[in-house]
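Enquirer: below is the structure, and that's it, no one-letter string:
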């Protein structure tokens, strides 16, 4: 049986991979397994393989992007019954891919990970987007592009939909800019998935849980400075000074801005004074 140490080692291996080499859905399964002691991943891997094979058969031979995404939509949302969870949106189960597979419901990003897995198996060029508040996808074929909402049955979104959605999450004055539909990598998507769990933990002042998630994020994305910064600051508040020192020293290796550097160095000075 695979245990926590094996899963943590797997995350560390993922952290060493180039972004395009990361198996997105497999990595999300490993992250989810850390909160499911004793659960074997074999049935979930079989489900991913089934999705991939069915997607290749359903959407792999069509010429038009719209036809291919429609086939993925039927597979995901009709054949397998996936849907966005509008009733218990903040449930932690919605950010654990094992629970999402079991319950067939989840957050935009967790449903999106499964959608990407299926679509890529069918040969589609698909990526997540840096859209705030609501994870979206973009499928591309030459000059043809479709922006997809995985939370709402794979709905195709036009610019007007995106503007309305942006204002819903960012306020009435928010304006759509190219950065809102910039592509994000596999590692960014995994961080976004984990950020959902971390944010909900912080909302209820569960700093131990938030810290646990940040440690996993640091394994998956050791080159992301903000993860080390947040882990360091949170560790100071928790009184875990040695971990705080290690995290902040790692953060400083990324040559942050002058203000961030001063803040980190000030905290490190306080930490070292307390440890001496």
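Expert: Looks like it arrived, so ask away. Computed from a predicted structure; not experimentally measured.
Enquirer: which parts of the protein are strands?
Expert: Ranges of strands in the chain, per DSSP state E, are 83-84, 105-106, 125-129, 137-141, 144-149, 155-157, 183-184.
Enquirer: take these and write them to TSV, including mean pLDDT.
Expert: As requested, those are arranged in TSV below (pLDDT from 0 to 100):
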stretch	mean pLDDT
strand 83-84	98
strand 105-106	98
strand 125-129	98
strand 137-141	97
strand 144-149	97
strand 155-157	97
strand 183-184	98
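Enquirer: walk me through the domains of this protein.
Expert: Here the domain assignment for the chain is 4-184, 189-196+205-275, based on automatic domain parsing.
Enquirer: JSON lines for those, including mean neighbour count?
Expert: C-beta coordinates here come from the backbone N, C-alpha and C atoms, glycine included. Compiled in JSON lines, the domains of the chain are given as follows (neighbours: other CB atoms under 10 Å):
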{"stretch": "domain 4-184", "mean neighbour count": "17"}
{"stretch": "domain 189-196+205-275", "mean neighbour count": "17"}
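Enquirer: which residues sit against stretch 218-226?
Expert: 8, 11-12, 14-15, 27, 31, 187, 190-191, 194, 217, 227-228, 231, 247, 251, 254, 256 (CB atoms under 8 Å, 6 or more residues apart in numbering).
Enquirer: for residue 7, give me its contacts.
Expert: Listed by CB under 8 Å, 6+ apart, the contact set of residue 7 reads 30, 33, 34.
Enquirer: the last one and residue 86, how far apart?
Expert: Pointing back at residue 34 there. Residue 34 sits 27 Å away from residue 86, going by CB to CB, to the nearest Å.
Enquirer: which residues of this protein fall in helices?
Expert: Secondary structure of the chain (DSSP state H): helices at 4-16, 24-33, 42-59, 65-73, 97-103, 108-121, 159-170, 186-203, 207-220, 225-238, 241-252, 258-275.
Enquirer: pretty sure residue 145 sits against residue 139.
Expert: Yes. Between residue 145 and residue 139 there is a contact under CB atoms under 8 Å: 7.1 Å.
Enquirer: residues in contact with both of those two, list them for me.
Expert: Common neighbours of residue 145 and residue 139 (CB under 8 Å, 6+ apart) are residue 65.
Enquirer: how about low-confidence regions in the stretch 1-150 of the chain?
Expert: Filtered on pLDDT under 70, the stretch 1-150 of the chain yields the residue ranges 1.
Enquirer: ok, now with 90
Expert: Low-confidence regions of the stretch 1-150 of the chain, defined by pLDDT under 90, span residues 1-3, 60-63.
Enquirer: any idea how far residue 265 is from residue 98?
Expert: 41 Å.
Enquirer: kindly apply the preceding question to residue 108 instead.
Expert: Per CB to CB, residue 108 is found 38 Å from residue 265.
Enquirer: need the contact list for residue 157.
Expert: 136, 147, 148, 149, 165.
Enquirer: taking the residues you listed, tell me the two that lie furthest apart.
Expert: 148 and 165 (12.7 Å; CB to CB).
Enquirer: ok, back up a step: and residue 153, which of the helices of the chain is closest to it?
Expert: helix 65-73 (6.5 Å).
Enquirer: quick one: residues contacting residue 151.
Expert: 84, 107, 108, 111, 112, 134, 135.
Enquirer: so the closest residue to the first one other than its chain neighbours versus residue 140, what's the distance?
Expert: Read it as residue 84. Nearest non-adjacent residue to residue 84, counting by CB to CB, 6 or more residues apart in numbering: residue 151, 3.4 Å away. In this view, residue 151 and residue 140 are 20 Å apart by CB to CB.
Enquirer: sorry, back to before: CSV please, covering the helices of the chain and showing distance to residue 80.
Expert: Listed next are these as CSV, based on distance: least, CB to CB, whole Å:
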stretch, distance to residue 80
helix 4-16, 25
helix 24-33, 14
helix 42-59, 7
helix 65-73, 11
helix 97-103, 9
helix 108-121, 9
helix 159-170, 25
helix 186-203, 19
helix 207-220, 26
helix 225-238, 33
helix 241-252, 40
helix 258-275, 44
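Enquirer: for residue 90, which of the ones you listed is the nearest?
Expert: Using CB to CB, those put helix 186-203 closest to residue 90, at 6.1 Å.
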